[in-house]
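Q: predicted coordinates and the sequence they were generated for:
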Amino acid sequence: MIYLSTIMNSDIWNLTPLHESINVQRIVASVTIMESLPIKDWAKGGELLLTSSKTLPESEQELLELLTDMQQLSTAALAIKCKETEKELAQVRKLANLAQDKQIPIFLIPPQRTYLSLTNAINRLLSQEVERDSLKEYLMKYLLLSKEPKKDLIVHRCAESLQLPLFQKKIQLIQFQLHKSHKETQVFEQQRYSFFLHACDLFEQMKQNKLLFDFIFMHTDNVIYTCLLMDNEKKSIACIAELSNMLKKFPSVHAGISSIQTAEHTANMMMEAEFSVHAGTALAHQQITSYSKIQLLHVIYNLQTQDNNQYLHKVIEPLLEHPFLLDTLTKYFRNNENQKVTCKELFIHVNTLQYRLKKIETLTNLHLNNIQDKMYLYVALLSYMIENWRDEYDYD
């Protein structure tokens, strides 16, 4: 994958942009000839599309549908070859005007330039980056599999080939979990790849802004592992904030973020990221969850035994006959005991909340203004939630 700007700045590019101030910081994953519509029936995402003006639809509505599909698939750009007749040029200009609002670059291919010469030239540029991306995936795979990464010869050779000072940097692991929200495999694959392109683009921008030194990645059917290399671990907060904003565009994607360690501890960080994404989604109802926020959950999860569960279950047992009280307590703790936020989430008056909390104290014989009782109740609630989650999700 390379940026469109990189291709445009090379000596192979002699195409004319059809509107000004185009966004050329777009990732190009491949170059493809567009022979049929709609592109969502066959495109993967990230393509630089080449086509003839004869392939373009005639109506404005159909042109908008084409641009919408391009936007959803994170298509890099559209380059059009047309005969310089007034009718064909007018259609191309209409498309370019519509594309400007969506920030999709449209180019005109010179009449003497063939598709073959253009695709061959672009593919030569892409092949260098494809090799580097493959090596990044290879490194990530062995980093996750290796019990002792610092002694692993393959890890060292991959890192050296990429010129990555892997063991001299602080790293943070992110696991992106993609939930299949669409029954059609092709649509899911397009959504997955679109997210992957957006994530790579974001991390590349972080590199340019000196928030990251570099990143490596590996993706499976519904999981993408990303390892962030950092010069300054304090910049992690800014990285997570930008990532959180980007994830809002992809509601079916959840992320778990490990603590910041060194590459020797990758296996531990993978466990943290995996627990974070699953527990954060199921228990905290968060789209992005840092391990530091749910570390106590993991401690309780690992300490759970049958005897402990039964002992803590007795604390929560009186509330099981009153689901609304259990829900109230859960949201009250989740909102850090903020009564205003809790009332807003439950759609109740503050007096109602206070009545319910008093009822909880009466049923459990534990008092929320007593720190020991409060911690006891909180740990018992977390243990109950984890026990139910363990049964439902079989996480181990």
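A: Looks like it came in fine.
Q: what comes up buried for whichever helix in the chain runs longest?
A: Counting by DSSP state H, the longest helix found in the chain is helix 115-145. Neighbour counts using 16 or more other C-beta atoms under 10 Å place 118-119, 121-122, 125-126, 129, 133, 135-136, 138-144 of helix 115-145 among the buried residues. Any C-beta I mention is one placed from the backbone N, CA and C, and that applies to glycine too.
Q: repeat that for stretch 289-301.
A: 289-291, 294, 297-298, 300-301.
Q: tell me the mean pLDDT over it?
A: Stretch 289-301 carries an average pLDDT of 85.
Q: could you dump it to PDB, C-alpha only?
A: In PDB, the C-alpha atoms belonging to stretch 289-301 read as follows (Å, rounded to 0.1, in the frame of the first residue of the first chain):
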ATOM      1  CA  THR A 289     -11.000  -0.600  26.100                       C
ATOM      2  CA  SER A 290      -7.600  -0.100  27.600                       C
ATOM      3  CA  TYR A 291      -6.300  -2.800  29.900                       C
ATOM      4  CA  SER A 292      -5.500  -0.300  32.600                       C
ATOM      5  CA  LYS A 293      -9.200   0.400  32.900                       C
ATOM      6  CA  ILE A 294     -10.200  -3.200  33.500                       C
ATOM      7  CA  GLN A 295      -7.100  -4.600  35.300                       C
ATOM      8  CA  LEU A 296      -9.200  -5.300  38.400                       C
ATOM      9  CA  LEU A 297     -11.600  -7.400  36.300                       C
ATOM     10  CA  HIS A 298      -8.700  -9.500  35.000                       C
ATOM     11  CA  VAL A 299      -7.400 -10.100  38.600                       C
ATOM     12  CA  ILE A 300     -10.900 -11.200  39.700                       C
ATOM     13  CA  TYR A 301     -11.300 -13.300  36.600                       C
END
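Q: quick one: Ile80 is in a helix?
A: No. Under DSSP: H, G, I helix; E, B strand; the rest coil, Ile80 sits outside any helix and is assigned strand.
Q: count residues in the vicinity of Asn14, would you?
A: 11 (other C-beta atoms under 10 Å).
Q: excluding residues flanking it in the chain, which one is nearest it?
A: Closest residue in space to Asn14, ignoring its immediate chain neighbours: Pro110 at 6.0 Å, by C-beta to C-beta, 6 or more residues apart in numbering.
Q: so that neighbour belongs to a strand, correct?
A: No. Counting by three-state DSSP, Pro110 is not part of a strand but coil.
Q: now do the contacts for it.
A: 14-16 (C-beta atoms under 8 Å, 6 or more residues apart in numbering).
Q: and the buried residues of stretch 289-301, which two are furthest apart?
A: Farthest-apart pair in the buried residues of stretch 289-301 is Ser290 and Ile300; separation 17.4 Å (C-beta to C-beta).
Q: how much space between Leu329 and Thr342?
A: Going from Leu329 to Thr342 by C-beta to C-beta, to the nearest Å gives 10 Å.
Q: likewise Phe324?
A: 13 Å.
Q: before we move on, what about Ala263?
A: To Thr342, Ala263 is 42 Å away according to C-beta to C-beta.
Q: hang on, the earlier thing: tell me the pLDDT at the residue nearest to Asn14?
A: For Pro110, pLDDT reads 91.
Q: now swap in the one 5 residues further on and tell me
A: Note for Tyr115: predicted pLDDT of 94.
Q: OK, contacts around it?
A: Tyr115 neighbours (C-beta under 8 Å, 6+ apart): 33, 50, 81.
Q: strands along this structure, start to end?
A: With strands called from DSSP state E, the chain shows them at 2-3, 16-17, 27-28, 30-33, 47-52, 77-81, 106-108, 170-178, 214-219, 223-230, 253-261, 288-290.
Q: would JSON lines of these with distance to Leu64 be doable?
A: Below are these laid out as JSON lines (distance: least, C-beta to C-beta, whole Å):
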{"stretch": "strand 2-3", "distance to Leu64": "26"}
{"stretch": "strand 16-17", "distance to Leu64": "20"}
{"stretch": "strand 27-28", "distance to Leu64": "23"}
{"stretch": "strand 30-33", "distance to Leu64": "21"}
{"stretch": "strand 47-52", "distance to Leu64": "16"}
{"stretch": "strand 77-81", "distance to Leu64": "14"}
{"stretch": "strand 106-108", "distance to Leu64": "14"}
{"stretch": "strand 170-178", "distance to Leu64": "28"}
{"stretch": "strand 214-219", "distance to Leu64": "31"}
{"stretch": "strand 223-230", "distance to Leu64": "31"}
{"stretch": "strand 253-261", "distance to Leu64": "27"}
{"stretch": "strand 288-290", "distance to Leu64": "33"}
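Q: before we move on, the earlier item: and which of the buried residues of stretch 289-301 is nearest to Val223?
A: Looking across the buried residues of stretch 289-301 and measuring by C-beta to C-beta, the closest to Val223 is Thr289, at 15.0 Å.
Q: what is the burial count for the closest residue to the closest one other than its chain neighbours?
A: If you skip the residues right next to it in sequence, Thr289 has Gly280 as its closest partner in space, 2.6 Å away by C-beta to C-beta, 6+ apart. Residues contacting Gly280 under the criterion other C-beta under 10 Å number 24.
Q: let me see the contact set for Gly280.
A: The contact partners of Gly280, by C-beta under 8 Å, 6+ apart, come to 254, 256, 286, 288-289, 293-294.
Q: quick check: bridge partners of the nearest residue to Ile224 once chain neighbours are set aside?
A: Sequence neighbours aside, Phe176 is the residue nearest to Ile224 in space, at 4.2 Å (criterion: C-beta to C-beta, 6+ apart). For Phe176, the beta-bridge partners are Ile224, Ala255 (DSSP bridges).
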